[in-house]
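*Asks:* The sequence and its predicted three-dimensional model are supplied below.
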Amino acid sequence: MHVASHEKQPDVRVVPRRFGRARLALFRTVERCSAFMGGRAWYRAQYLRAGRFVVREERIVVPHLPPDLDGYTIAQLSDLHAGRFLGAGDLQAVIEAVHACQPQAIALTGDYITHRIEEAFELVHDLGQLQARDGVYAVFGNHDYKERRERELIERLAVHGVRFLRNDAARIAVGQATIAFTGLEDLEEGKIVDVEAARRTLLPTDIEVCLCHNPAGARRLARAGCAVILSGHTHGTQVDLPFLRRLGPKHPGVRVQLGPTVLVVSRGLGVVGIPWRVGAPSEVVVTRLCAA
Ligand SMILES: [Fe+2]
Ligand SMILES: [Fe+2]
C-alpha cells in the first residue's frame, strides 16, 4: 500500500558508472566486429524468435490486495537496446507473446537505445503495436538520455498510446480498487529523481507498482511502501561468466523480497557490446498480483 505523502521520501539516486576511454574503445570495436559478422541476424535467430526467449511469470502475493486486483497482470519489456543488434521488426515474436498473456497493463522499463536516440525510432512501429486494457507505461533507462533528446521518443510513442512516467503516476480504477503505476527518471542519468512528485496524486489505499529502470535504489524505494518495483538494467549480467560478470552492472537477483515490497528485475531483451547471452536468457516478465 502507498505510504502517506507527508512521510519523508527516500533519496534513491546512485552515482553513474563511467568507463575509461580505453575500455569504451574496446567495447565499440568488439561491437562493430560482431555487427559486421552478422550479429543482428544471429541475435534475432538465437534470442528473439518464438521459443528462444523466456516468458517468466512472477506471481506476487500482495497483503490486503483488493479482490478486484486479484490476478491483475502486467507484462514487462526491458533493455531493448536498439542499435547494431536489434532493430525494426525484430520484436514481432515478443509482441505476440505479450498479447498471448492478455496483460491488463504493459510496462517498458527503459534502455530503448544503445548509442543514439535515432536507434529507438526504429522500434516505434513494433512498440506501437502493444495493446493492453489499462495502457502501456514507460520509463527511461540510463542509455536513453544521450544527447538529451528523450522528448522526441516520447512524442513518437505517444501517437501509439505509450505514456512515459517521468516522476509521475497513472492511477487506474479497477472495479472498487485503484492500481497506481509510478515511474521514476533513471537513478544514474535522470537530472531529477523525485519520488515525492511521482507519488503526489496517490491515495493511501492505492496499490502501487513502481517502474524504475535501475534496481540499485530499490531497497530505499521499498521503504516508501510500494507493492512491486519493476526494474531492468542488469541484463541478468548478460554474460554470466566469472571473468566477465564484473563488466556488467551489479545484479541483485531477478526477484528480491524487500520487506513487504517485491523487486522484479528483468534480464531484458536486448544486449550491449556483443550479441551474446550466457546464463541470462532474453525475457518478457509477466507479473501477476495475487491476494494472500
Ligand atoms: Fe540495459
Ligand atoms: Fe541501463
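*Replies:* Right, received. Where do you want to start? Predicted, not measured: the structure shown is a model, and the values here were computed from it. Ligands and ions are numbered 1, 2, ... in the order given.

*Asks:* The stretch 101-250 of the chain: strands as residue ranges?
*Replies:* 105-108, 136-138, 162-164, 168-174, 177-183, 207-211, 228-231 (DSSP state E, counting those that start in this stretch).

*Asks:* How about exporting the fourth one as CSV, limited to the C-alpha atoms?
*Replies:* Right, the one you point to is strand 168-174. The C-alpha trace of strand 168-174 is given here as CSV (Å, rounded to 0.1, in the frame of the first residue of the first chain):
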residue,chain,number,x,y,z
ASP,A,168,4.8,10.9,-12.4
ALA,A,169,2.0,8.4,-11.9
ALA,A,170,-1.0,6.9,-13.6
ARG,A,171,-3.9,5.9,-11.4
ILE,A,172,-6.3,3.3,-12.9
ALA,A,173,-9.7,2.4,-11.3
VAL,A,174,-10.3,-1.4,-11.5
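
*Asks:* now it against strand 207-211, angle please.
*Replies:* 140 degrees (axes from the mean of the first three to the mean of the last three Cα atoms, to 10 degrees).

*Asks:* For strand 168-174, buried residues please.
*Replies:* 168-170, 172, 174 (16 or more other Cβ atoms under 10 Å). Just so you know, the C-beta spots here come from the backbone N, C-alpha and C atoms, and that holds for glycine as well.

*Asks:* from those residues, which single one is nearest ligand 2?
*Replies:* Asp168 (19.9 Å; Cβ to the ion).

*Asks:* now that closest one: how far from His233?
*Replies:* Distance, Asp168 to His233, by Cβ to Cβ, to the nearest Å: 20 Å.

*Asks:* likewise Val15?
*Replies:* 14 Å.

*Asks:* out of those two, which sits in the busier spot?
*Replies:* His233 (27 against 8; other Cβ atoms under 10 Å).

*Asks:* isn't the more buried one right up against Lys250?
*Replies:* No - counting by Cβ atoms under 8 Å, His233 does not reach Lys250; the two are 9.5 Å apart.

*Asks:* Overlap in contacts, those two.
*Replies:* Ala216 (Cβ atoms under 8 Å, 6 or more residues apart in numbering).

*Asks:* Just give the number of residues close to Ala132.
*Replies:* Around Ala132 there are 20 residues (other Cβ under 10 Å).

*Asks:* Tell me which residue is most central in the chain.
*Replies:* Thr109 (2.0 Å; Cα atoms, centre = their mean).

*Asks:* can you pull the contacts of it?
*Replies:* Thr109 touches 76-79, 138-139, 141, 211-213, 230-232, 266, counting by Cβ under 8 Å, 6+ apart.

*Asks:* same deal with His143?
*Replies:* So His143 contacts 81, 110-115 (Cβ under 8 Å, 6+ apart).

*Asks:* How about whatever residue of the stretch 101-250 of the chain ends up closest to ligand 1, nearest residue that isn't a chain neighbour?
*Replies:* Going by Cβ to the ion, ligand 1 is nearest to Asp111 of the stretch 101-250 of the chain, at 3.6 Å. Of all residues not flanking Asp111 in the chain, Gly141 sits nearest, at 3.4 Å (Cβ to Cβ, 6 or more residues apart in numbering).

*Asks:* Please determine how far the one you found is located from Ala291.
*Replies:* 32 Å.

*Asks:* The two: which has the busier surroundings?
*Replies:* Each of Gly141 and Ala291 has its neighbours counted (other Cβ under 10 Å); Gly141 has more, 28 against 13.

*Asks:* wait, the more buried one sits on Asp79?
*Replies:* Yes - the pair Gly141 / Asp79 is scored as a contact, 6.9 Å apart, by Cβ under 8 Å.

*Asks:* who touches both of those two?
*Replies:* 109-111, 232-233.

*Asks:* contact partners of the longest helix along the chain?
*Replies:* Ordering each helix of the chain by length in residues (DSSP state H) puts helix 21-36 first. Residues from elsewhere that reach helix 21-36 (Cβ under 8 Å, 6+ apart): 19, 84-85, 272-276.

*Asks:* Compare those and tell me which is most surrounded.
*Replies:* Of those, with other Cβ under 10 Å as the count, Phe85 tops at 26 neighbours.

*Asks:* Since that was my last question, I'll sign off now.
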